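Chemist: need a 3D model of the sequence below.
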Amino acid sequence: MGPLTASRTLVMGVLNVTPDSFSDGGAWADPSRAVARGLSMSDDGADILDVGGESTRPGATRVSTEEEQERIIGVIEELAAAGHVISVDTLNASTAIAAVQAGAAIVNDVSGGTSDPAMLGAVADLAVPYILQHSRGEPTTMVDLARYGEDLVGEVIAELEGRVAAAVAAGIAESAIILDPGLGFAKEGNQNWEVLASLERFRALGFPVLVGASRKRFLGAIPPEDRAADPAERDHATAAITALAALAGVWGVRVHEVRPSRDAVRVAEAWGAARKEARP
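Modeler: Okay, the predicted model is just below:
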């Protein structure tokens, strides 16, 4: 199975090899622990491991490409050598190149090619699948850019289409592009729910769609108030979104805890199959 082909929604496990992730507080910053975590997620059913060495949470400060690569390249080499499908979560063309040379099979760019002008050309040369996410600005400015008119989804789609056109112009094949609407990136609170409620509009663009809702701040309203501040308390809500997104036909979900979302995909498969059987 290639990284773009699947008969069901794929589960992408998040592996943050960073000291400042919002979701896990740097639990996997040590390379040996990161590799062990990746192997554990694969055992839990992860189809893809998304390895990142730079936090892109709102307000995060950038790190050098040298430091980013020092964090992740050895981890990618070891996990890829063990036969796992790896995507690299990076804003930087040089890191994307180094990661693919180390065994990564997919480039996941949360900026959609806007952060590093060399990214789109590099991905075209690498000839690997490219996850093109919607965002605005940098992590330090994205919150201030969450301003939309009456049709938020229409604006996000238009901006994604613009980035797709730029990617294709740079030489990336349309068949290699996966779209991510960018939950939490220049989107606040209920704006994220509006995006999720409109997944069919994103799928109608004709590209595979990745949903990355896991543990994000807008889910903090779901657990009781005494637990809402802990990102790990949002895993149940994340799994619920996985089931709904899978039922909506998305290509993949990006999650921190794999097993609940893998089960949620199975539930969506069974539900969808029964619904087809029940139709007159």
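Chemist: what about the closest residue in space to residue 142 that isn't next to it in sequence, how many residues nearby?
Modeler: Nearest residue to residue 142, sequence neighbours excluded (Cβ to Cβ, 6 or more residues apart in numbering): residue 186, at 4.4 Å. Placement of C-beta: from N, CA and C, glycine included. Residue 186: 21 surrounding residues under other Cβ atoms under 10 Å.
Chemist: pretty sure residue 186 contacts residue 140?
Modeler: No: using Cβ atoms under 8 Å, residue 186 is not in contact with residue 140; the gap is 12.0 Å.
Chemist: just to revisit the earlier point, assumed the residue nearest to residue 142 was part of a helix.
Modeler: No: assigned with DSSP: H, G, I helix; E, B strand; the rest coil, residue 186 falls outside any helix and is coil.
Chemist: that one and residue 114, how far apart?
Modeler: Using Cβ to Cβ, to the nearest Å, residue 186 is found at 11 Å from residue 114.
Chemist: list residues touching both of the two?
Modeler: Common neighbours of residue 186 and residue 114, using Cβ atoms under 8 Å, 6 or more residues apart in numbering, are residue 135.
Chemist: wait, is residue 273 part of a helix?
Modeler: Yes: remark: residue 273 belongs to a helix, assigned using three-state DSSP.
Chemist: ok, it - contacts?
Modeler: Neighbour list for residue 273: empty [criterion: Cβ under 8 Å, 6+ apart].
Chemist: kindly confirm my reading that residue 107 is in a helix.
Modeler: No: if the criterion is three-state DSSP, then residue 107 is strand and not within a helix.
Chemist: list the contacts for residue 238?
Modeler: When the contact criterion is Cβ under 8 Å, 6+ apart, the partners of residue 238 are 213, 214, 215, 219, 255, 256, 257, 260, 261.
Chemist: so the fifth one makes contact with residue 211?
Modeler: No: look at residue 255 against residue 211 with Cβ under 8 Å: they stay out of range, at 9.3 Å.
Chemist: quick check: neighbours shared by the two?
Modeler: With Cβ under 8 Å, 6+ apart as the test, residue 255 and residue 211 both reach residue 242.
Chemist: which strand or helix spans residue 12?
Modeler: Assigned by DSSP states H and E, residue 12 belongs to strand 10-16.
Chemist: show residues contacting the helix or strand that comes right after that strand.
Modeler: Next helix or strand after strand 10-16 toward the C-terminus (DSSP H and E): helix 31-43. Helix 31-43 has contacts (Cβ under 8 Å, 6+ apart) with 13, 15, 17, 27-28, 49, 51, 71, 74-75, 78-79, 82, 84, 258.
Chemist: just the buried residues of those residues.
Modeler: 13, 15, 17, 28, 49, 51, 71, 74-75, 78-79, 84, 258 (16 or more other Cβ atoms under 10 Å).
Chemist: check those and tell me the two furthest apart.
Modeler: 74 and 258 (22.1 Å; Cβ to Cβ).
Chemist: now residue 254: phi and psi?
Modeler: As for residue 254, its main-chain torsions (degrees, to the nearest 10) stand at phi -110, psi 120.
Chemist: same thing with residue 215?
Modeler: Torsion angles, degrees, to the nearest 10, at residue 215: phi 60, psi 10.
Chemist: let me know the helix or strand that residue 243 is in.
Modeler: Counting by DSSP H and E, residue 243 is part of helix 235-247.
Chemist: model confidence over that helix, on average?
Modeler: Taken as a whole, helix 235-247 has a mean pLDDT of 96.
Chemist: buried residues, that helix. List them.
Modeler: Neighbour-count burial for helix 235-247 flags 235, 237, 238, 239, 240, 241, 242, 243, 244, 245, 246, 247 (criterion: 16+ other Cβ under 10 Å).
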